[in-house]
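Participant: show me the folded form of this:
(2 chains)
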Amino acid sequence: MNTLALDNAGIEIESNWLIRNASLTLSPGQLTAFIGPNGAGKTTLLRLLAGLWQPTEGIVTLDKRELFQFQRRELAQNITFAPQNTLMDFAFTVKNIVMMGRNPHLGRFQHETEYDYHCVKAAMIKTDVLHLANRFVTELSGGERQRVVIARSLATEANIILLDEPTASLDVAHAIEVFDLLSELSKENKTVAFSIHDINTAVRYAHQIVLVHTGHIFDCGLPEKVLTNEAINTVFGVHTEKVTASTGETIFFFSVIRLFPK
Amino acid sequence: MNSHRPKIYFFFLSFLLILSSILGIAIGSTDIPIDVVLRVLASKILPTSWIPMDDVSKPQEVIVWLIRTPRVIIAALVGAALAMAGAQMQGLFQNPLASPGIIGTSSGAALGAVIGLATGLASRSIFYIPIFAFMGAFLAVFIVYVLATRRGNTPVATLLLAGVALNALIGAMTSFVITIAWTEYEVAREIVFWLMGGLDSRTWLHVWIALPGILIGSIIALFYTRELDILLMGQETAYSLGVEVEQVKRVILTGSALLTGAAVAVSGVIGFVGLIIPHIVRLMIGPRHRYLIPACAFTGATFLILADLLARTLHRPEEIRLGILTALFGAPFFLFLLLRHRREIGYL
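Facilitator: Next up is the predicted model:
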């Protein structure tokens, strides 16, 4: 199971609707990308899905059960969310950080068991950070840190993994590494969703695209259906041309001609 | 690479604590030989017949057991409590400036105690001061928390600003109470001296006054270490790792108010310990609170025992106020650390 769904959800903060009438479903084995201009509501949608914010109207459900019926710990065992600006200012070692992912499974008076160490190690192997285990996170590069954050998410053993702009600070090669990892996780039947600015990466990796525009879900579905020149024009106000690369992959070529000059 | 070796540090820290305690008892206006100190202490714990006490005079025994031992124990308790409370707050607010002093817990406790002194209740029973200090600390924490919390969230910046404002307000109120009480010279003198912080004429009674709050506060501190680590990753991450952020914050704030209130009640306002000790310890042992909190307790205790020893002996037979001394010696050291480790600590 592990299906996460928004049903007509909306959230109002200080008489401002950040998101309204949002309905979508994240299913196991599916890689979903949230695309939209800055401030459109991508992060808000992820926060609603992660159970960080309670919807003002509509509901958010995990396997048909409302998120706010779950204990925080129980939720954390099922859904893991990596915010965009993960703080990494303190000299924790990589293995300390990844072990934090075991918190949802540990009682207050409980120490880490062999199994917790096993999970941490497995997560570090999968994200290729095991060789960094004893390094301080403050010494790592951006790409390495992002992999550590994903390792911590994996250590929770949650089946739903949400990431807010996981590649915002990464170069192309590191970004591809992260997305290869995410698509591998979706093949293992995990439910994975992330927000991203790079439309071309999204179209290449995602199974489902959620196009977000001024607090509403503009469209949602298969990449080739949602991402059309017209849709991108409407949402981003830029002219694009859909071309096919020699590898057969779809690419959106961005024209510098603005349709809606500021 | 990982250079944090907790076990070695704890061995070293306990050794230092024991050594400084013995020195603290042995050295003073009259120095007492260390073997006498050890024998007097042993005679109080073991059956008297086991320890040869023939050459120990009655005054020596009184100085060791009734004057210096409680004083050293109080120094240790207060130092440990302030350092742990500081470490908790710096972790909770992810801010190097956060400490009982900054968010107003210490001054709240001080105001409570000053009111106790000024109203004359303190002269009726010695237990009024700690009770007033507890209430002041709790009230200060509660007010800052209510001021700074919106929709179940306590933004770090807002909380610090609220703390600064509250500190100013409490400072003014304290000065006002002192102004009123000034007509009674003795009371005013007591208040001012007490605001500077010190451990003179502390007895076993003061140990029992401070112990319950500090004991409960320490237990809370030790059981909430994993949450503090995770809170350093930011609130959203903490939520998504299953931490009930608001509830944890309330518990930790209450615990640190207990620690601060109990400490201020028996020692007055001793600044600086809660700010500097956690920083020094973090440099030695790393940011993990599972080790940081107990290491802060050991280091804070040792630091304050030694500081009090200096306060008693630097300018014999007069005593220098302990609060003056901790700031005088600690501040330059803190600046030195700040400059030297600016890059490594990251958030300084």
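
Participant: is any part of stretch B:272-279 close to chain A?
Facilitator: No. Using CB under 8 Å from any CB of the partner chain, stretch B:272-279 stays clear of chain A, with a minimum separation of 12.2 Å. (Each C-beta comes from the backbone N, C-alpha and C, glycine too.)

Participant: so which residues of the stretch 51-200 of chain A form helices?
Facilitator: Secondary structure of the stretch 51-200 of chain A (DSSP state H, counting those that start in this stretch): helices at A:72-78, A:94-99, A:114-126, A:142-155, A:172-187, A:199-205.

Participant: next, format these as JSON lines and append mean pLDDT, distance to chain B and mean neighbour count.
Facilitator: Output for the helices of the stretch 51-200 of chain A, formatted as JSON lines (pLDDT from 0 to 100; distance: least, CB to the nearest CB, whole Å; neighbours: other CB atoms under 10 Å in any protein chain shown):
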{"stretch": "helix A:72-78", "mean pLDDT": "94", "distance to chain B": "3", "mean neighbour count": "19"}
{"stretch": "helix A:94-99", "mean pLDDT": "95", "distance to chain B": "6", "mean neighbour count": "25"}
{"stretch": "helix A:114-126", "mean pLDDT": "95", "distance to chain B": "12", "mean neighbour count": "16"}
{"stretch": "helix A:142-155", "mean pLDDT": "90", "distance to chain B": "8", "mean neighbour count": "24"}
{"stretch": "helix A:172-187", "mean pLDDT": "90", "distance to chain B": "17", "mean neighbour count": "16"}
{"stretch": "helix A:199-205", "mean pLDDT": "90", "distance to chain B": "23", "mean neighbour count": "20"}
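
Participant: quick check, the residue in the stretch 201-348 of chain B closest to chain A?
Facilitator: B:G242 (3.1 Å; CB to the nearest CB).

Participant: can you pull the pLDDT of that residue?
Facilitator: Note for B:G242: predicted pLDDT of 94.

Participant: for B:A181, same thing?
Facilitator: 77.

Participant: domain ranges for chain A?
Facilitator: A:4-227, A:229-262 (automatic domain parsing).

Participant: winner for burial among the ones you listed?
Facilitator: Most buried of the domains of chain A, by mean neighbour count (mean count of other CB atoms under 10 Å in any protein chain shown): domain A:4-227, with a mean of 19.

Participant: one step back: reformat the helices of the stretch 51-200 of chain A into a markdown table and put distance to B:Q235 next to each item.
Facilitator: Below are the helices of the stretch 51-200 of chain A laid out as a markdown table (distance: least, CB to CB, whole Å):
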| stretch | distance to B:Q235 |
| --- | --- |
| helix A:72-78 | 13 |
| helix A:94-99 | 16 |
| helix A:114-126 | 23 |
| helix A:142-155 | 15 |
| helix A:172-187 | 24 |
| helix A:199-205 | 28 |
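
Participant: now the residue lying farthest from the centre of chain B. Its backbone dihedrals?
Facilitator: The outermost residue of chain B relative to its centre, with distances by CA atoms, centre = their mean, is B:D54 at 38.5 Å. B:D54 adopts backbone torsions of phi -60, psi -40, taken as degrees, to the nearest 10.

Participant: quick one: average pLDDT of the helix or strand hosting B:V281?
Facilitator: Using DSSP states H and E, B:V281 sits in helix B:273-285. Helix B:273-285 carries an average pLDDT of 88.

Participant: same for that helix, what does it pack against?
Facilitator: Contacts defined by 3 or more CB pairs under 8 Å, 6 or more residues apart in numbering or on different chains; DSSP states H and E place helix B:273-285 against helix B:6-26, helix B:69-92, helix B:289-313, helix B:322-340, helix B:342-345.

Participant: quick check: buried residues in it?
Facilitator: Of the residues in helix B:273-285, those buried by neighbour count under the rule 16 or more other CB atoms under 10 Å in any protein chain shown are B:273-282, B:284-285.

Participant: while we're on B:T48, how confident is the model there?
Facilitator: Predicted confidence (pLDDT) for B:T48: 75.

Participant: could I get the helices and strands packed on helix B:273-285 as JSON lines with mean neighbour count and distance to chain A?
Facilitator: Formatted as JSON lines, the helices and strands packed on helix B:273-285 follow (neighbours: other CB atoms under 10 Å in any protein chain shown; distance: least, CB to the nearest CB, whole Å):
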{"stretch": "helix B:6-26", "mean neighbour count": "16", "distance to chain A": "12"}
{"stretch": "helix B:69-92", "mean neighbour count": "28", "distance to chain A": "9"}
{"stretch": "helix B:289-313", "mean neighbour count": "25", "distance to chain A": "10"}
{"stretch": "helix B:322-340", "mean neighbour count": "16", "distance to chain A": "14"}
{"stretch": "helix B:342-345", "mean neighbour count": "12", "distance to chain A": "7"}
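
Participant: out of those helices, which gets nearest to A:P104?
Facilitator: helix B:289-313 (17.7 Å; CB to CB).

Participant: which helices and strands sit right next to the closest one?
Facilitator: Against helix B:289-313 (3+ CB pairs under 8 Å, 6+ apart) you get helix B:6-26, helix B:69-92, helix B:204-223, helix B:225-231, helix B:273-285, helix B:322-340.

Participant: pLDDT of it, averaged?
Facilitator: 94.

Participant: go on, stretch B:246-263?
Facilitator: The model assigns stretch B:246-263 a mean pLDDT of 90.

Participant: buried stuff in that stretch?
Facilitator: B:248-250, B:252-263.

Participant: can that stretch be said to contact chain A?
Facilitator: No. Stretch B:246-263 stays clear of chain A (CB under 8 Å from any CB), getting no nearer than 9.0 Å.

Participant: comparing the domains of chain A, which gets the lowest mean pLDDT score?
Facilitator: The weakest mean pLDDT among the domains of chain A belongs to domain A:229-262, with a mean of 80.

Participant: how about B:H206: what's its closest non-neighbour residue?
Facilitator: Nearest non-adjacent residue to B:H206, counting by CB to CB, 6 or more residues apart in numbering or on different chains: B:V266, 4.6 Å away.

Participant: show me the contacts for the one you found.
Facilitator: By CB atoms under 8 Å, 6 or more residues apart in numbering or on different chains, the contact list for B:V266 reads B:74, B:77-78, B:130, B:199, B:202, B:206, B:209-210.

Participant: quick one: contacts for the residue nearest in space to the middle of chain B?
Facilitator: Central residue of chain B (CA atoms, centre = their mean): B:L82, 2.4 Å from the mean position. Contacts for B:L82 (CB under 8 Å, 6+ apart) come out as B:100, B:259-260, B:263, B:270, B:273-274, B:277, B:300, B:304.

Participant: all good on my end, thank you.
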